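Participant: quick one: sequence plus predicted model below, questions after.
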Protein chains: 2
Amino acid sequence: MAGAPQKALRTSAANAITADLVAVLVAVTEGEPKIMTIANGGALPSGPFEFAHRSLQTGLRAWVEAQTGHPLGYVEQLYTFADRGRAGDAKSLHSISISYLGLTREDKVGRGFEAHWSGWYEYFPWEDQRAGLPPSLAKTLAARLKAWSKSAASTSLQRERWQRAAITFGFDDREWNEELVLQRYELLYEAGLIPEAVRDGAAATTVIPGRQMTGDHRRILATGIARLRAKIKYRPVVFELMPAEFTLLQLQRSVEALAGRLVHKQNFRRLIEQQQLVEETGAIATEAVGRPAKLFRFRHAVLAERAVAGTKLPLSRT
Amino acid sequence: MAGAPQKALRTSAANAITADLVAVLVAVTEGEPKIMTIANGGALPSGPFEFAHRSLQTGLRAWVEAQTGHPLGYVEQLYTFADRGRAGDAKSLHSISISYLGLTREDKVGRGFEAHWSGWYEYFPWEDQRAGLPPSLAKTLAARLKAWSKSAASTSLQRERWQRAAITFGFDDREWNEELVLQRYELLYEAGLIPEAVRDGAAATTVIPGRQMTGDHRRILATGIARLRAKIKYRPVVFELMPAEFTLLQLQRSVEALAGRLVHKQNFRRLIEQQQLVEETGAIATEAVGRPAKLFRFRHAVLAERAVAGTKLPLSRT
DNA sequence: CGTCTTATACTCAAGGAGAGTATAAATGGC
DNA sequence: GCCATTTATACTCTCCTTGAGTATAAGACG
């Protein structure tokens, strides 16, 4: 208990900051993932955390409802950002962003609200691999990243850069990993290939396709997409995005939309059924060409029954 | 873009708050997981986020080094808490806690620092299932939770409570799930069985064993343990806690210590080796009864080679 | 009535995970 | 030196999961 370095007392008022609450609110409509945006698609719904809010989540709910007229259902925290603006923006230093992921069904946005739903692949065209990479991107992306790698000072640094690019983007016959959304975004940022990087001080060049957002919002969105893509694999969260009744194909299309890649139909059904995630409603889908499909509903009971978690440890019984 | 509800302008200064940085700093020594504590084991290292800090992480590093003399290595963000004090403490409302998980090797804490290492099972005795539940707890825990369930108003609520208890604690022949650390803590808190609950206003009773901490710190610790237990299964983070050279048994003991349960020796080795996580140093362990074991070191190269992530989607090749 | 399209049921092989058995290489007591 | 004990390490075996298909059913439509 000696006295030197612990520096105990909290200097409360002196270090006051502000906290912003930012929402990545997701819905899936007709096989396309959407996110709620404001400012004409240029920002995510957000607002300051205020004294009046009872907790972070209620604060977030208040802001999102005020800005979009859309009540929030499933919500989980994503990440808290506070690194100073990349170009050294002094203001951002005193403000932190606490981001959340929310899941709902698309809904009419009330009139008088500037919010609307935007397709999330508008912001990340390279993340949609369902039909392979968009041809416009396919060549550019690899070429630009190759050039960036080559521009490094040393050969070892060049190799390092390219290896990172190859791993995250699946070049050189590597597997595409749909969860590396944030890593891909960060890499493109570092390579100066997206507008935000140029805005923050990178050398001006032709950027690659993909809509820009204010501040860190596109990074936050990338974090949200990554989290959701990881989560659908071990938790039944897709159902938060589905209507009450749906066919297995609709369910599959939603998963594919989120993951940005196609799944094997028969095996997908096997997976869903063996996990007893759904039950038949008895009804049959009407629209449609082809043989009509049974309608299913989510078995809410599974949430209570299980506390799923994947073990990868070779546990011992004794 | 009509005018009604969006409430755009940021009222910056009016909503100033303070942010605390809190660290769950973990090490494993001789098969026991330790955490760095201050205040004689009653709190986690923490301090306010200040203007001077370039980012949240650097702020955290500064505080931990100041309080413990221990430089921080591997660090990841855990969670940001801001719910008002459970009993309605007004002060806590204006402050949020941003928590981090850090991994290191145990080290002498420099003189003049009030920090020291505490075994993490002192705070969560029920989480150590390596030798089964400690006999003192085995009976009490189930009985107390049963009583709490029974005390609910309606039969359906009673059933609900007991089901939650059974799932999180593995009663009624359910599997123990070592990842549900936070859920177990929250349940015990709600049931009023731990000191913090009584402190925050729950009816005074005999609490169950386990050391208390200030504020939310034990909750934050639970979050950290849960994260680490989940993570060791799909990322090679254990090696952050190991010395440069180790035997496979030492590695196994560390994993068991963290997970709080025993693993199957032969299968554990198979797992480690097939993933090519380690390589022989050529040396042989000296101490020991029994046949001497080979020493291994972590293959740092795997971090660059792979971008592991478990897929559970039945992907399609076409 | 055949064709197209989607739904749904099965099959099959390869790989991984759980649970042991079998040896090997030390130590310590006699 | 020999044997019991302890830990290390190598294999084996079986079952379940997963990837990848094939086969058949049930509608719509010309």
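Facilitator: Yes, it's here. Numbers count the residues shown, from 1 in each chain, chains lettered A, B, ... in the order given.

Participant: what sits closest to A:Gln158 if chain neighbours are left out?
Facilitator: With sequence-adjacent residues excluded and distances taken as Cβ to Cβ, 6 or more residues apart in numbering or on different chains, A:Gln158 is closest to A:Ala152, at 4.5 Å. To be clear about C-beta, it is placed using only N, CA and C from the backbone, and glycine gets the same treatment.

Participant: swap that for A:Glu106, sorry
Facilitator: A:Ala27 (3.9 Å).

Participant: repeat for A:Gln250
Facilitator: Excluding the flanking residues, the one nearest A:Gln250 by Cβ to Cβ, 6+ apart is A:Met242, at 7.2 Å.

Participant: look up how far B:Ala165 lies from that neighbour.
Facilitator: Here the distance between A:Met242 and B:Ala165 works out to 31 Å (Cβ to Cβ, to the nearest Å).

Participant: can you check A:Ile225 too?
Facilitator: Note on A:Ile225: its distance to B:Ala165, by Cβ to Cβ, is 36 Å.

Participant: ok, the residue nearest to A:Gln158 - how many residues close by?
Facilitator: Taking other Cβ atoms under 10 Å in any protein chain shown as the criterion, the count of residues near A:Ala152 is 14.

Participant: am I right that it is in contact with A:Arg164?
Facilitator: No: the pair A:Ala152 and A:Arg164 does not pass the contact test of Cβ atoms under 8 Å, sitting 11.0 Å apart.

Participant: returning to that earlier point: just the pLDDT for the residue nearest to A:Gln158.
Facilitator: With respect to pLDDT, A:Ala152 has a value of 96.

Participant: again, but for A:Val26
Facilitator: According to the per-residue confidence, A:Val26 scores 96 in pLDDT.

Participant: just A:Leu101 next, same as before
Facilitator: We have a pLDDT of 98 for A:Leu101.

Participant: which residues does the residue of chain A found nearest DNA strand C contact?
Facilitator: For chain A, the nearest residue to DNA strand C under the criterion Cβ to the nearest atom of the strand is A:Gly290, separated by 2.0 Å. Contacts for A:Gly290 were tallied using Cβ atoms under 8 Å, 6 or more residues apart in numbering or on different chains; there are none.

Participant: now do the SS call for it.
Facilitator: Following DSSP: H, G, I helix; E, B strand; the rest coil, the label given to A:Gly290 is coil.

Participant: so how far is A:Gly192 from it?
Facilitator: Plainly put, A:Gly290 is 48 Å away from A:Gly192 if you go by Cβ to Cβ.

Participant: try A:Arg297
Facilitator: Applying Cβ to Cβ to A:Arg297 and A:Gly192 gives a distance of 48 Å.

Participant: repeat for A:His70
Facilitator: Using Cβ to Cβ, A:His70 is found at 36 Å from A:Gly192.

Participant: same thing with A:Lys312?
Facilitator: Distance from A:Lys312 to A:Gly192, counting by Cβ to Cβ: 38 Å.

Participant: what's the answer for A:Val28, then?
Facilitator: Following Cβ to Cβ, the distance that separates A:Val28 from A:Gly192 is 33 Å.

Participant: which of those two has more neighbours?
Facilitator: Taking neighbours as other Cβ under 10 Å, A:Val28 and A:Gly192 compare with A:Val28 leading, 24 against 19.

Participant: need the contact list for that one.
Facilitator: Applying Cβ under 8 Å, 6+ apart, the residues near A:Val28 are A:Lys34, A:Glu106, A:Leu241, A:Met242, A:Ser254, A:Ala257, A:Leu258.

Participant: burial count for the residue in the stretch 1-150 of chain A that DNA strand D sits nearest to?
Facilitator: With Cβ to the nearest atom of the strand as the measure, the residue in the stretch 1-150 of chain A that lies nearest DNA strand D is A:Gln129; the distance is 14.8 Å. Using other Cβ under 10 Å, A:Gln129 has 16 neighbouring residues.
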